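**Student:** can't give you the sequence, but here's the structure:
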Ligand SMILES: [Zn+2]
Ligand SMILES: [Zn+2]
């Protein structure tokens, strides 16, 4: 089968690989019909995630058709069209039972910090991902969710990560009616977080990024104010100024470890690797939220130390929340929002690329060429 293959930093290609096989009675094999490149795949692509092994297949956002099931799979059957949450979760451990499907204790026993994620390095379990014609899906009674017959596959594929993650970012921000919410990062997740902030009762939503085309997209998609930090002397000062010098009520970091905008952070985090990436957006978030406010982190940081202004966090009485998204917990509500027209996932898709051209897809998304917001990869078998 054709599959994406990681060869080292900034080098990916499409190659023929062996078909995945059922390895456990709860496995299923899915024929992939749509798969996306995610902003967090760029951390892998750039070589910034520990233990990303040459020869692995990325891809944690995919939908497809079940073509084979293990002996113990009862919740889905061959022929079902399913969307597969990016988290791999057992459904039975202490954390899964609380709905914390992103923090499963069983699917990635090598790590105490992170549950397993499809196609996201051996740090996240070493499972191959869905940027391929076929994928093995463990715990098939738990994750795969049948796509309603009236739902477009383009909408469904964005329910595997982007929409739930943007939604959970807003949920974790603890938004109260009338709050001013600032979102750093106008990638797909930030755009969805800004859109969802309104659903939680925000009174004002502001998004900040350095790419004008993304800011313009966010303005239209998320009905929010949008500002370019390259046009400001200091984003923290800017936010204070437009909030009567109080600071924002809630700030969402939808950027993570490869933030631009601060030379010291770029040098220590991205060039010298003295910390787990450049935490510029997180600094801005902690410093621009009001006293007693909430910072919600969905941007990906490496699992090791970062230089963050923890003193400001303590002195200001902040609540800082972050997590991998619990996709399965949120799906029932989000499927309803899509069916009722409250959320329009597929409007985020700007590019559709054959899986064969996966290298071009990564290059374009990474360099933010051609006004790219979200890229869908189409496996050769997707149109059958
Ligand atoms: Zn993703
Ligand atoms: Zn579990």
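**Tutor:** Great, that's in hand. Just so it is clear, the structure is predicted and the values come from calculations on it, not from any experiment. Ligands and ions are numbered 1, 2, ... in the order given.
**Student:** in the stretch 1-150 of the chain, which spans are helices?
**Tutor:** Secondary structure of the stretch 1-150 of the chain, counting by DSSP state H, counting those that start in this stretch: helices at 39-45.
**Student:** what residues does it put near ligand 2?
**Tutor:** Proximity of the stretch 1-150 of the chain to ligand 2, by Cβ under 5 Å from the ion, involves residues 89, 90, 93, 96, 104, 106. Every residue, glycine included, has its C-beta placed from N, CA and C.
**Student:** from those, pick the one nearest ligand 1.
**Tutor:** Within those, proximity to ligand 1 (Cβ to the ion) peaks at residue 89, which comes in at 15.8 Å.
**Student:** list the buried residues in stretch 132-148.
**Tutor:** Within stretch 132-148, the residues scored as buried using 16 or more other Cβ atoms under 10 Å are 132-145, 147.
**Student:** first-to-last residue distance for that stretch?
**Tutor:** 23 Å (Cα to Cα, to the nearest Å).
**Student:** equivalent analysis for stretch 283-296, please.
**Tutor:** 12 Å.
**Student:** and the average pLDDT for that stretch is what?
**Tutor:** In this model, stretch 283-296 has a mean pLDDT of 96.
**Student:** need the contact partners of that stretch.
**Tutor:** 169-170, 172-174, 182, 184, 208, 235-236, 239-240, 243, 246-253, 261-262, 265, 282, 297, 308-309, 312-313, 316-322 (Cβ atoms under 8 Å, 6 or more residues apart in numbering).
**Student:** give me that answer again for 6 Å
**Tutor:** Stretch 283-296 is contacted from outside by 169, 172-174, 235-236, 239, 246-253, 309, 312-313, 316-321, using Cβ atoms under 6 Å, 6 or more residues apart in numbering.
**Student:** alongside ligand 1, which residues does the stretch 51-200 of the chain contribute?
**Tutor:** Residues of the stretch 51-200 of the chain lying near ligand 1 (Cβ under 5 Å from the ion): residue 161.
**Student:** need the strands for the stretch 51-200 of the chain, in chain order.
**Tutor:** Here the stretch 51-200 of the chain has its strands, by DSSP state E, counting those that start in this stretch, at 62-69, 81-84, 87-88, 116-117, 134-137, 145-146, 180-184.
**Student:** CSV for those, including mean pLDDT?
**Tutor:** CSV is the format used below for those (pLDDT from 0 to 100):
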stretch, mean pLDDT
strand 62-69, 98
strand 81-84, 98
strand 87-88, 96
strand 116-117, 96
strand 134-137, 98
strand 145-146, 98
strand 180-184, 97
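**Student:** as a markdown table, these with distance to residue 350 would be great.
**Tutor:** Output for these, formatted as a markdown table (distance: least, Cβ to Cβ, whole Å):
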| stretch | distance to residue 350 |
| --- | --- |
| strand 62-69 | 18 |
| strand 81-84 | 20 |
| strand 87-88 | 26 |
| strand 116-117 | 24 |
| strand 134-137 | 24 |
| strand 145-146 | 25 |
| strand 180-184 | 19 |
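**Student:** ok, which of those comes nearest residue 17?
**Tutor:** When the strands of the stretch 51-200 of the chain are compared by Cβ to Cβ, strand 134-137 sits nearest residue 17, at 9.3 Å.
**Student:** so what touches that closest one?
**Tutor:** Residues contacting strand 134-137 (Cβ under 6 Å, 6+ apart): 1, 19, 20, 27, 28, 29, 30, 31, 32, 84, 144.
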